[in-house]
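In: Please find the sequence and the predicted model below.
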Amino acid sequence: MTRKIQTPLTREVARTLKAGESCTISGTIYTARDAAHKRLCELVEQGKELPLEIKDAIIYFVGPTPAKPGQAIGSAGPTTSYRMDAYSPTLISIGQTGMIGKGKRNDEVISAMKEHGAVYFGAIGGCGALLSKCIKKAEVIAYEDLGAEAIRKLEVEDFPVVVVIDSEGNNLYQTGKQAYLDTLA
């Protein structure tokens, strides 16, 4: 069964999501990769306002290709998440509740998720063209000079993800691997 999530993703809802759960997300999410994350954290350090509403926000780690005529966005597959590991704990501590990417996260990110009630979703790498069909609107809202890595505000409908790491630190990369190995025994 697929769970439908509507943004904003409150901490209360984030805490109910469990590793391995399939979800679809509808509403507003934001894009940002490492260069944008670095700038956001610099603003936090300086006590300045962020160019997006971080409270209860989901950030998708993606650098989409240019949109073709009639499309909201080009191919929009996830990027490897560890590039954001140095920055994610800061953003989680000030209100971010969700991240979408691919690949493992470090212990500091997982600790921040547990402490503040955030989740990490996985999207399927290599399916960027398919995922882009769930993106109904895209607009650059900050750091246009970063090109594909600019921060975008996306309106998504039934964007498919899996909860990879939940707010309790349960990690599908570990439990899924063990479940598979148990089938071989």
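Out: Good, I have the coordinates. Numbering: from 1, shown residues only.
In: quick one: contacts for Asp182?
Out: Shown in contact with Asp182 (CB atoms under 8 Å, 6 or more residues apart in numbering): no residues. For every residue, glycine as well, the C-beta is placed using N, CA and C.
In: Name the residues of the lengthiest strand in the chain that are buried.
Out: For the chain, the strand with the greatest residue count under DSSP state E is strand 151-165. By 16 or more other CB atoms under 10 Å, the buried positions in strand 151-165 come out as 151-156, 159-165.
In: where do the helices sit along this protein?
Out: Secondary structure of the chain by DSSP state H: the helices cover 11-14, 34-46, 88-93, 107-116, 128-132, 172-184.
In: quick one, which of the ones you listed is packed in tightest?
Out: helix 88-93 (a mean of 21; mean count of other CB atoms under 10 Å).
In: Now for the nearest residue to Val164 once chain neighbours are set aside, how many residues are close by?
Out: Sequence neighbours aside, Gly122 is the residue nearest to Val164 in space, at 4.2 Å (criterion: CB to CB, 6 or more residues apart in numbering). Around Gly122 there are 19 other residues, counting by other CB atoms under 10 Å.
In: low-scoring pLDDT stretches of the chain, where are they?
Out: Within the chain, the set of residues satisfying pLDDT under 70 is empty.
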